[in-house]
Every structure is written in C-alpha cells, then in structure tokens.
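[1] give me coordinates for this.
(one chain, ligands or ions: 2)
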Amino acid sequence: MDKIVVEGGQPLNGEVQISGAKNAVLPILCATLLADEPVEISNVPHLHDVVTTAKLLAGLGAGITVDQGTIGKGSESGVIVDPRSVNSHVAPYELVKTMRASVLVLGPLLAKYGHAEVSLPGGCAIGSRPVDLHIKGLQALGAEISVDHGFIKASAKRLKGARHVFDIVSVGATENVLMAATLAQGTTVLENAAMEPEIVDLAECLKAMGAKIEGAGTGRIVIEGVERLHGGKHAVVADRIETGTFLVAGAMTGGRIVARKTRPDTLDAVLDKLTEAGAEISVDGDRITLDMHGRRPKAVNLTTAPHPAFPTDMQAQFMAMNCIADGVGVINETIFENRFMHVNELLRLGADIRVDGHTAVVRGVNKLSGAPVMATDLRASASLILAGLVAEGETVIDRIYHLDRGYENIEEKLSGLGAKIRRTS
Ligand SMILES: CC(=O)N[C@H]1[C@@H](OP(=O)(O)OP(=O)(O)OC[C@H]2O[C@@H](n3ccc(=O)[nH]c3=O)[C@H](O)[C@@H]2O)O[C@H](CO)[C@@H](O)[C@@H]1O
Ligand SMILES: C=C(OP(=O)(O)O)C(=O)O
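    Ligands and ions are numbered 1, 2, ... in the order given. Reported below is the predicted structural model:
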C-alpha cells in the first residue's frame with residue numbers, strides 16, 4: 001500500500017495551479033444522465049472519485065470518453081458523457097460503498113427513466129451520513145420510494161414540481177432534488193437549500209443543458225421543469241478546499257504561496273481566518289497570494305457550518321495549523337458527528353489537543369516531531385501532510401488512498417512549492 005513521506009522544515013514558496021472541484025465534478029457527472037445528448041465537461045480533476053463515478057456511469061451503460069492526453073496535467077482535461085446508451089438503472093453496492101456521492105445518480109435516473117435502484121451508501125469515518133433528506137425531497141416530487149435489502153428503490157411516472165423545505169441544510173440532498181426537479185412537470189421551490197458554490201456550479205451545468213433554474217447559491221431555488229435536457233458544455237469550478245489546503249500549507253510554513261486558476265469569491269470564511277492567523281492575503285482576478293513574511297501563525301477559533309460559513313472540509317487543515325500556532329484555538333465541528341479522527345494522529349506528532357464532544361481545544365506547541373501516522377479520511381490525510389511539513393524529521397503517512405479520492409497530484413504540487421515529499425509503495 002502506498003505511503004507518503006514528508007520531511008518537515010521547508011517554508012513553501014511559489015505558485016500552484018488549482019484543479020477543478022471534486023465536490024462539483026461528481027454531481028455534474030451524475031447530472032449528465034439527465035440529458036438526451038452528449039455532455040462535455042472540462043477542467044475535470046484526475047481523482048479516484050472521478051474514476052469511480054465514470055465506472056458507475058459506464059456500468060449504467062453511458063458512453064464515457066476521456067481526454068487521456070491532458071487529464072491529470074492541470075490543463076483543460078475533459079470528459080464527454082453520452083447518456084443515450086444508458087440501459088441500467090441500478091447503482092451497485094461495490095461502487096456506492098467506496099464513494100458516497102454515488103447516491104447522486106438517484107435523482108437523475110428517477111427523473112429521466114422513472115426508475116432507480118441505488119445501494120444505500122452506509123456510514124463512513126466522519127459520521128453516519130444518512131440519506132433520509134434525499135429520499136424525503138424526492139418523495140415531495142411524487143416519487144414512490146422504499147428501502148429494501150440495502151437498496152433505495154425509487155419510481156415515478158413523471159415527477160411533479162412541488163414546494164419542499166429541507167429539514168436541515170444538506171448539500172447532497174439539495175443536489176439530488178435539484179437535478180430531479182429539472183425534468184419534473186411544473187415548478188419546484190426548494191427552501192432551506194444548501195448554498196455551496198458547488199450547487200451553483202451544478203446549476204450552471206444544468207442550465208447549459210437547457211434547465212430552468214433560479215436562485216442557486218441562495219437558500220431558495222426555483223426550478224421550472226422542462227420536457228427534455230439537451231447536450232452542453234461546462235467547465236468545472238475551481239476547488240475551494242484544495243485552494244484552502246495549499247494556503248494553509250503556506251501559512252503554517254511561514255511561506256508565500258500564489259494559488260492560481262482559483263475562485264477567491266468562494267473562500268471568504270477561509271481567507272478571513274487566514275488573515276486572523278496573521279497572513280497577508282491579496283486577491284487579483286483568479287489568483288490568491290498568501291504571504292506570512294516568515295511569521296508563525298496565530299491560533300484561530302472557528303465553528304464549521306454550511307456555506308458561506310466556515311467549511312467542515314477545511315476543519316482538519318486549520319486544526320493542523322493551530323497545532324503549531326501561537327496561542328490556543330477552539331474548534332467546533334457542527335456538521336459531522338465524528339470528524340475529529342485526525343486528532344489522535346496529530347497527538348502522535350506531539351500536538352496538544354483536548355476534545356470534548358464537538359469541540360477541540362488546540363494549544364499551539366513550538367514544534368511537532370515526525371512519526372508514522374495513519375490517514376483516516378480525506379481531509380484528515382491532508383491535515384497530516386500539513387503537520388508533516390512543519391514537523392522535525394520524517395512523517396510517514398499510511399492509508400493515503402483517502403487522499404487520492406480528492407487531491408490531484410498533491411505530492412507534485414507541494415514539491416513544486418519546495419516541500420520535501422514523496423510517495424513510496
Ligand atoms: C461529494 C460532496 O459534495 N461532499 C460534501 C457534501 O457531503 P454531503 O452532501 O454528504 O453532506 P450534507 O450537506 O448532506 O451533510 C450535512 C449534514 O446533514 C446530514 N444529513 C445529510 C443528508 C441526509 O439525508 N440526512 C442527514 O441527516 C449529514 O449527516 C450531515 O450531518 O457536503 C459536506 C458538507 O459541506 C462536505 O463535507 C462534503 O465534502
Ligand atoms: C467529506 C468529503 O467528501 P465526501 O462527501 O465525498 O466523503 C470531503 O470532500 O471532505
């Protein structure tokens with residue numbers, strides 16, 4: 001099994017190109033099922049989760065063409081999905097269990113073909129992650145849904161537009177119901193919808209396919225159903241979590257990082273916290289420059305909450321920063337019940353962290369010391385790399401397959417900024 005070895009102590013300096021967002025490309029690939037013609041997606045990051053989604057779509061019968069020439073090189077890598085040959089409506093356990101976002105084929109299959117069977121995704125390291133809100137939202141549009149032998153079985157002649165209020169804000173449930181509503185009869189109004197930039201990007205792609213959507217990016221999305229969606233082209237939005245991860249790497253190491261081809265307007269809460277930590281941040285078009293001028297970061301308090309508040313997907317990385325910051329930082333995780341799996345591993349590197357329920361109190365120490373650690377989930381893996389970048393000696397991170405789900409070429413990108421990092425098998 002591959003491991004990542006990081007030798008700490010180098011301040012990071014230089015430019016890094018940000019990839020397309022994992023959390024945008026996955027729903028967008030699922031949305032292509034709604035079309036009657038091929039859909040061309042560009043700025044597709046080369047990630048394990050993208051490969052899994054492509055396998056899932058291919059398993060349903062869709063034609064997938066990958067631009068092998070450019071994918072993974074950070075240029076305009078692309079995927080064309082031709083949904084005309086779809087002949088199965090079943091998402092099997094083998095694929096869904098490895099990637100929860102597979103449940104996002106439920107809404108599109110149901111809306112387009114009137115029938116879908118999708119394996120229940122089950123829990124994962126960060127929490128139980130039920131899909132009841134997805135089911136309730138689709139039922140509000142008239143779907144008949146049962147959960148049987150571990151599968152969600154959904155059917156409907158044609159979905160009907162309705163007003164639906166989500167009990168709590170859910171990114172995935174908003175996406176599933178939004179996609180389904182594009183082909184429903186009549187108007188759907190989604191209240192208490194998630195406002196994440198990835199929802200906006202999905203809506204942009206759907207609109208390029210002929211969908212009629214207003215209000216994406218607000219808590220109220222209005223969708224006027226259409227008879228059919230055509231083919232289209234869409235470029236995936238930049239990954240705000242990848243951007244934030246590299247900026248934290250710059251802040252922790254006292255360096256200067258330029259993140260380019262990103263979307264600064266999607267990162268308000270993260271940039272505010274980095275400024276609070278003492279970073280000088282400047283924004284110029286699609287570039288963000290972070291300069292620590294060699295300073296040690298100051299500890300920050302933060303509470304995760306739905307967008308536009310501080311993202312849970314950046315919590316572990318900021319915890320790593322607080323570990324070596326000046327002062328005490330209090331971190332409240334309000335989205336997932338078990339998203340402190342990285343704490344025990346950070347403790348192995350010499351961090352001082354106390355956890356009480358959903359709160360972690362992190363006292364900054366003068367130095368961390370390298371040790372073997374184990375990645376438990378995607379962002380936990382990123383936090384361990386960040387900690388390794390400032391730890392004395394070598395940090396060896398095991399189970400890095402989590403990392404490959406969501407970061408494109410992370411070793412190459414960090415090496416390009418001066419980090420001493422390598423992958424071993
Ligand atoms: C592929 C993708 O885009 N993943 C992101 C998405 O996950 P995901 O879409 O799974 O996260 P949700 O926004 O749905 O989850 C928010 C909260 O709602 C709960 N919930 C959700 C659905 C449901 O039916 N019932 C229910 O109780 C969850 O357990 C969680 O406590 O948003 C999360 C929150 O920003 C991010 O951390 C993930 O990176
Ligand atoms: C939790 C995450 O992803 P997923 O929902 O795909 O597990 C993440 O991107 O941090």
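[2] does Ala156 touch Gln139 like I think?
    No. Between Ala156 and Gln139 there is no contact under C-beta atoms under 8 Å: 9.5 Å. For every residue, glycine as well, the C-beta is placed using N, CA and C.
[3] neighbour count: those two, which is higher?
    Neighbours per residue (other C-beta atoms under 10 Å) separate Ala156 from Gln139, with Ala156 holding more: 21 against 16.
[4] from ligand 2, how far out is that one?
    Counting by C-beta to the nearest ligand atom, to the nearest Å, the separation of Ala156 from ligand 2 is 26 Å.
[5] what of Ile400?
    15 Å.
[6] neighbours around that residue, how many?
    The tally of other residues near Ile400 (other C-beta under 10 Å) stands at 21.
[7] now do it, the pLDDT please.
    Note for Ile400: predicted pLDDT of 91.
[8] which residues touch it?
    Ile400 sits next to 2-4, 375, 381, 423 when contact means C-beta atoms under 8 Å, 6 or more residues apart in numbering.
[9] swap in Pro197?
    By C-beta under 8 Å, 6+ apart, the contact set of Pro197 is 21, 24, 217, 237, 240, 263, 266, 307.
[10] quick check: the farthest pair among the residues you listed?
    Ala21 and Gly217 (14.5 Å; C-beta to C-beta).
[11] higher neighbour count, those two?
    More crowded of Ala21 and Gly217, by other C-beta under 10 Å: Ala21, with 27 against 17.
[12] show me what contacts that one?
    45, 197-198, 201, 236-242.
[13] tell me the one of those nearest ligand 1?
    Proximity of the contacts of Ala21 to ligand 1 (C-beta to the nearest ligand atom) peaks at Glu198, which lies at 5.9 Å.
[14] surely the closest one and Val236 touch.
    No. At 9.3 Å, Glu198 and Val236 do not qualify as touching, with contact defined as C-beta under 8 Å.
[15] if I look at those two, which residues touch both of them?
    Common contacts of Glu198 and Val236, defined by C-beta under 8 Å, 6+ apart, comprise 21, 24.
[16] and these two? Which one has more around it.
    Val236 (29 against 26).
[17] distance of Met321 relative to His234?
    Using C-beta to C-beta, to the nearest Å, Met321 is found at 34 Å from His234.
[18] my bad, should have said Phe318
    Separation of Phe318 from His234 (C-beta to C-beta): 31 Å.
[19] same deal with Ala320?
    Ala320 sits 34 Å away from His234, going by C-beta to C-beta.
[20] more neighbours: these two, which one.
    Ala320 (30 against 23).
[21] which residues does the more buried one contact?
    Applying C-beta under 8 Å, 6+ apart, we find Ala320 in contact with 248, 252, 342, 346, 383-384, 386-387.
[22] make a ChimeraX selection of the buried ones in those residues.
    Buried residues among the contacts of Ala320 (16 or more other C-beta atoms under 10 Å), as a ChimeraX selection:
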select :248,252,342,346,383,384,386,387
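[23] after the helix or strand where Lys233 lies, which helix or strand is next? Please name it.
    Lys233 belongs to strand 232-235 when assigned by DSSP states H and E. Sequence order places helix 240-252 as the next helix or strand after strand 232-235, per DSSP H and E.
[24] for the record, mean pLDDT for that following helix?
    Helix 240-252 carries an average pLDDT of 98.
[25] that one near ligand 1 at all?
    No. Against ligand 1, helix 240-252 shows no contacts by C-beta under 6 Å from any ligand atom, the least distance being 7.5 Å.
[26] tell me the strands beside the following helix or strand past that helix, with direction?
    Under the assignment DSSP H and E, the closest C-terminal helix or strand after helix 240-252 is strand 256-260. With DSSP bridges as the test, strand 256-260 is paired with strand 13-17 (parallel), strand 287-291 (antiparallel).
[27] ok and the helix or strand immediately after the first one in the chain relative to helix 240-252, angle-wise?
    The helix or strand immediately downstream of strand 13-17 is helix 22-31, counting by DSSP H and E. For helix 22-31 against helix 240-252, the angle between stretch directions is 170 degrees (axes from the mean of the first three to the mean of the last three C-alpha atoms, to 10 degrees).
[28] and helix 22-31, what other elements does it pack with?
    Packing contacts for helix 22-31, counted by 3 or more C-beta pairs under 8 Å, 6 or more residues apart in numbering; DSSP states H and E, involve strand 39-42, helix 48-59, helix 106-113, helix 171-181, helix 197-208.
[29] pick the most buried one from these.
    A comparison of the helices and strands packed on helix 22-31 by mean neighbour count, using mean count of other C-beta atoms under 10 Å, puts helix 171-181 on top with a mean of 28.
[30] report the contact partners of the residue nearest to Met195 when sequence neighbours are not counted.
    Excluding its sequence neighbours, the residue lying closest to Met195 (C-beta to C-beta, 6 or more residues apart in numbering) is His307, at 5.0 Å. By C-beta under 8 Å, 6+ apart, the residues touching His307 are 194-197.
[31] tell me the SS of His307?
    coil (DSSP: H, G, I helix; E, B strand; the rest coil).
[32] please list the residues of this structure that sit near ligand 2.
    22-23, 100-101, 313, 378-379, 406.
[33] out of the residues you listed, who's near ligand 1?
    Within these, those near ligand 1 by C-beta under 6 Å from any ligand atom are 23, 100-101, 313.
[34] among those, which are in helices?
    Among those, DSSP state H puts Asn23 in helices.
[35] now tabulate the ones next to ligand 1 among the residues of the chain next to ligand 2 in a markdown table and tack on neighbour count and pLDDT.
    Formatted as a markdown table, these follow (neighbours: other C-beta atoms under 10 Å; pLDDT from 0 to 100):
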| residue | neighbour count | pLDDT |
| --- | --- | --- |
| Asn23 | 26 | 98 |
| Arg100 | 17 | 93 |
| Ala101 | 23 | 96 |
| Asp313 | 26 | 98 |
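[36] just curious, which of the ones next to ligand 1 among the residues of the chain next to ligand 2 is nearest to His149?
    Arg100 (19.1 Å).
[37] against Arg405, how distant is that closest one?
    10 Å.
[38] and Ser88, by the same measure?
    Counting by C-beta to C-beta, the gap from Ser88 to Arg405 is 24 Å.
[39] any stretches of the chain with poor pLDDT?
    Within the chain, the segments meeting pLDDT under 70 span 68-76.
[40] in it, which spans are helices?
    Secondary structure of the chain (DSSP H): helices located at 22-31, 48-59, 93-96, 106-113, 132-140, 171-181, 197-208, 240-252, 268-276, 315-323, 342-348, 378-390, 401-406, 410-416.
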